[in-house]
Structure formats: C-alpha cells, structure tokens
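**Student:** Below are the sequence and a predicted model; questions follow.
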Amino acid sequence: MTRLSDLRKSYERGELDERHARRDPVEQFRQWLGEAVGAGVPEPNAMTVATVGENGRPSTRVVLIKDFDERGIVWYTNYESRKGRELAGNPRAALQFHWVELERVVRIEGDVRRVDAAESDAYFASRPLASRIGAWASEQSRPLASRAALVARAAEFGLKFGLNPPRPPHWGGFRLAPDYWEFWQGRPSRLHDRLTYRRAPGDESWTLQRLAP
C-alpha cells in the first residue's frame, strides 16, 4: 500500500487572478458552478456544511445546494436534525464546495436563517414522491432501531398521505447570507491562488483581497 505521506499531486489546471475575477462573488460563484456542471463534475451541487453546537464542538456533513442568489445559499433539511438544532442555537455556518476535477474550492461563511414557509412548500412539492415520504419517515439524527424500522415508517406514511404528502412542519430550508467568500485555485508548487471577498455589516460593497496559500 502506498504511504499517505508519499501521495503527491501537482495542480496545473487553471489560475485565478484579480484582473479576471468578477467584482461580485455571487457572479464568480455562478461562473465556477456553471463550469463545474459543464465539465461533468460528479454532484457539483454537493457542499459541506459546518455548524457548532452549544458545547463548542464543530460538526460537518454534506448536503446539496438547491438555490442561490444575492440573498444567499439555500439548502433543505430536517429542522430537528443535529445541524438544525445547532443552527437554532448558533445561527452561523461555513460552507465548502470542492470540485476535485477542476482543482477548485469555494469557502463561504455567514449568518443563517430559515427560508419562509411558502418557499419551503414550493420546493417540497417539487421533490419526488419517495423523497417527500422520506422526509416524514426519517427522524433525522435520532437513534434508529434498524433499517427495517425506517422502511416500516416510510410505508406507514405512504399509506397515510398517498400521492400528496404535505410538507412536514419540522422540514424546510435554510439560507446562509454570506459575509465572506474564498475562491481557491490549485497551482503548481503549492503556490495556490486564493482570492477572498469580505464586507462589513451593513456594507453592500465587497473588498477583494489575495491571501498567501
């Protein structure tokens, strides 16, 4: 087996400089996400969400981005899950996209709040029937006796709601409103490009800055 310390990779697929970067990080993200989709990157919409609990212990998990605009990044989940409970107590989070094939990373930080009920309702209605039933069946992050118990709950709710399950009251969207973006492009010799966008509370303009790799 190859030793982990011997694994090496030279990053040579692209570059990122201030002259060609968008002035608005949302537009830079839109460009990079579009390029990830166009390049056929597996699950380009997958992102890591990091939260912190009351005990100061951080936790991460992978979710799927479902929307974004100038207001922020949106994903959906069970509000009673670990991340939901941690966001209720500490409504700040960090996100990370890693598009390995393009040698790119995007990091985002900001405040988080629930999207409004109408927005959650509209997205829930667009999901496949099995996924809507699954939102009722899964008591996310809670201990589970067995997979058979989970399947039985799904069957129970399937019989109860038929083809039109409503959105569970414990399920819906979160939106992270960024105050920090970082775009990372791998470069040879570990001299990577890192561009950040920051803005102060109440400020609508972004400050672009390069960081040492």
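**Tutor:** Received the coordinates, thanks.
**Student:** now the end-to-end length of stretch 16-32.
**Tutor:** Taking CA to CA, to the nearest Å, stretch 16-32 runs 11 Å from one end to the other.
**Student:** In stretch 65-78, which of the residues would be classed as buried?
**Tutor:** 65, 68, 72, 73, 74, 75, 76, 77, 78 (16 or more other CB atoms under 10 Å). (C-beta placed from N, C-alpha, C; glycine too.)
**Student:** Check these and tell me the two furthest apart.
**Tutor:** Using CB to CB, the pair of the buried residues of stretch 65-78 lying farthest apart is 68 and 78, separated by 21.0 Å.
**Student:** Residues touching whatever helix or strand residue 32 lives in, excluding its own?
**Tutor:** Using DSSP states H and E, the secondary-structure element containing residue 32 is helix 25-38. For helix 25-38, contacts defined as CB atoms under 8 Å, 6 or more residues apart in numbering pick out 21-22, 44-45, 68-70, 97, 99, 102, 104, 106, 178, 181, 183, 197, 206.
**Student:** Can you flag which of the residues you listed belong to strands?
**Tutor:** Counting by DSSP state E, the contacts of helix 25-38 place 68, 69, 97, 99, 104, 106, 178, 181, 183, 197 in strands.
**Student:** For the last one, report the pLDDT, please.
**Tutor:** Residue-level confidence at residue 197 comes out at 98, pLDDT.
**Student:** Does the residue most central in space within the chain belong to a helix, a strand or coil?
**Tutor:** With distances taken as CA atoms, centre = their mean, residue 47 lies nearest the centre of the chain, 3.8 Å away. Classification of residue 47 using DSSP: H, G, I helix; E, B strand; the rest coil returns strand.
**Student:** Retrieve the pLDDT associated with it.
**Tutor:** Value for residue 47, per-residue pLDDT: 98.
**Student:** and whichever helix or strand residue 108 is part of, what does it pack onto?
**Tutor:** If you go by DSSP H and E, residue 108 is part of strand 104-114. Counting contacts by 3 or more CB pairs under 8 Å, 6 or more residues apart in numbering; DSSP states H and E, strand 104-114 is packed against helix 25-38, strand 92-99, strand 171-185.
**Student:** Thanks again, I'm all set now.
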